[in-house]
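Asks: Okay, structure incoming, though there's no sequence with it:
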């Protein structure tokens, strides 16, 4: 039996098509006609992946690596999520796309006027805008800086970075990834809002079991370590929501050109539980019992995400090309501190290399020689930078690349036959004055954001 969400998407098909014909510029296109799935995994670290591959704990990632390309991408700094995920989605550096952090730097009175960046602040088109212009169907789930959701040729479920005044008055807050009934602008087309929210009850019901599975051996924790768990559950909920919405949409409406979905729990668990996984790197006086209880959290979450990847690939068309990318890796931080308490022990401000895998009909399988023994970090090839993702996926789909993009097409990643049949075209820019003038000025996105600010403080991104 199909879920209510699946039935809802069936009814939305005609609505989407009618609404999006208005926004589409009907540009000419020469495209290979093969679907592409882009999976974003925040903060995924290659060292942990390699260790788990040796123990056969990431079967879906291993399968993609066996049949495809894999390696590193260099990252831009600062490695702050709103900046770098916008760079991935636009192929532009921050000075071009206009997202400079979490909070507008020109609003110093944080007690009264602190405001988060939103999708309305982006100054250039992202891949969902560009592909929609060319009549390609693009679905985007949970990507950074997509609230308020934009008009696209497909479905967009935005990552929410605000709370409503009513919820603030009621003492309830919205943190990243939480969908709420009385907040508009989370879903495009608007008619899908209630239908998408139909996924929430099942997610909430399953969340305790997910948390218990991730922390199945934790037992009783001291209060400071219990806080690490409590401050992470919002990320587990967010990823579970995106997982369910994405699989439902894939099963009901598999006719997409690009399907992009983001998951952030690998970054959150890395920030909070790194020292329990690698205690010998720290001077922190962490009791052995607590190390045993929390030492497996990061790896457990990587396993959870590997299962999510398996679900997404299984629900996608058989000829899908899958591209997995992180925004950066993860390093140990504050290793010399002896009073870490509930502080963060994993970080990425030094710009550790990003994770990258590509597999499918659009990928050049012969471009990389596979290691015959256990894969080592020194075996990994640097294929490009995080700025190269959007230029490359545009080229894979036969869409011209903007000459104003900071990134380049990773030609070695693309199947040679695709390159020969569909020569890479270029345009001076995809962003024009008409689009800029159409950008929303949505006060819903400027609501009280106290809960989100507190979340960012807990992650160590702002003071």
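Replies: Received, thanks. Bear in mind the structure is a predicted one, so any value in this text is a computation, not a measurement.

Asks: okay, CA-based contacts and neighbour counts for the rest of this
Replies: Noted.

Asks: Now do the nearest residue to residue 232 once chain neighbours are set aside, the pLDDT please.
Replies: The spatial neighbour of residue 232 that comes closest, neighbours along the chain excluded (C-alpha to C-alpha, 6 or more residues apart in numbering), is residue 268 at 6.5 Å. Predicted confidence (pLDDT) for residue 268: 91.

Asks: Just give the number of residues close to residue 268.
Replies: 25 (other C-alpha atoms under 10 Å).

Asks: Now do the strands in the stretch 301-450 of the chain.
Replies: When secondary structure is read from DSSP state E, counting those that start in this stretch, the stretch 301-450 of the chain shows strands at 321-325, 331-332, 346-347, 354-359, 381-385, 401-402, 426-427.

Asks: Tell me where the model's unsure across the stretch 1-150 of the chain.
Replies: Along the stretch 1-150 of the chain, the model assigns pLDDT under 70 to residues 1-32, 106-114.

Asks: Would you state the strands of it in chain order?
Replies: Ranges of strands within the stretch 1-150 of the chain are 36-41, 69-74, 138-141, based on DSSP E, counting those that start in this stretch.

Asks: Just put these in JSON lines and tack on mean neighbour count and distance to residue 331.
Replies: Conversion of the strands of the stretch 1-150 of the chain to JSON lines gives the following (neighbours: other C-alpha atoms under 10 Å; distance: least, C-alpha to C-alpha, whole Å):
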{"stretch": "strand 36-41", "mean neighbour count": "23", "distance to residue 331": "16"}
{"stretch": "strand 69-74", "mean neighbour count": "23", "distance to residue 331": "15"}
{"stretch": "strand 138-141", "mean neighbour count": "24", "distance to residue 331": "27"}
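
Asks: List just the one of those that sits closest to residue 412.
Replies: The closest approach between residue 412 and any of the strands of the stretch 1-150 of the chain, judged by C-alpha to C-alpha, belongs to strand 69-74 at 9.7 Å.

Asks: For the nearest residue to residue 132 once chain neighbours are set aside, pull up the helix or strand it's in.
Replies: The shortest distance from residue 132 to any non-neighbouring residue, by C-alpha to C-alpha, 6+ apart, is to residue 153 (4.9 Å). Taking DSSP states H and E as the definition, residue 153 sits outside all helices and strands.

Asks: What's the per-residue pLDDT of residue 153 here?
Replies: Spelled out, the predicted local distance difference test score at residue 153 is 97.

Asks: ok, now how distant is the residue nearest to residue 232 from residue 390?
Replies: As for residue 268, its distance to residue 390 is 25 Å (criterion: C-alpha to C-alpha, to the nearest Å).

Asks: same question, residue 150
Replies: From residue 150 to residue 390 the distance is 18 Å (C-alpha to C-alpha).

Asks: shouldn't the residue nearest to residue 232 be in contact with residue 235?
Replies: Yes: under the contact definition of C-alpha atoms under 8 Å, residue 268 touches residue 235, with a separation of 6.9 Å.

Asks: right, and the secondary structure at the residue nearest the centre of the chain would be what?
Replies: Centrality entry for the chain: nearest residue to the mean C-alpha point is residue 262, 2.5 Å, by C-alpha atoms, centre = their mean. Per DSSP: H, G, I helix; E, B strand; the rest coil, the secondary structure class of residue 262 is strand.

Asks: who touches it in this structure?
Replies: 39-42, 141-144, 239, 242 (C-alpha atoms under 8 Å, 6 or more residues apart in numbering).

Asks: how about a cut-off of 6 Å?
Replies: By C-alpha atoms under 6 Å, 6 or more residues apart in numbering, the contact list for residue 262 reads 39-40, 142-143.

Asks: and what of residue 329?
Replies: 43-45, 352-354.

Asks: Distance to residue 203 for the residues you listed - can I get that in CSV?
Replies: CSV is the format used below for the contacts of residue 329 (distance: C-alpha to C-alpha, whole Å):
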residue, distance to residue 203
43, 23
44, 23
45, 27
352, 33
353, 32
354, 29
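
Asks: which of those tops the neighbour count?
Replies: Neighbours here are counted as other C-alpha under 10 Å. On that basis the top member of the contacts of residue 329 is residue 43, with 31 neighbours.

Asks: tell me which element the nearest residue to that one once chain neighbours are set aside is part of?
Replies: Ranked by C-alpha to C-alpha, 6+ apart and with sequence neighbours excluded, the top spatial neighbour of residue 43 is residue 267, at 4.3 Å. Per DSSP H and E: residue 267 is located in helix 265-277.
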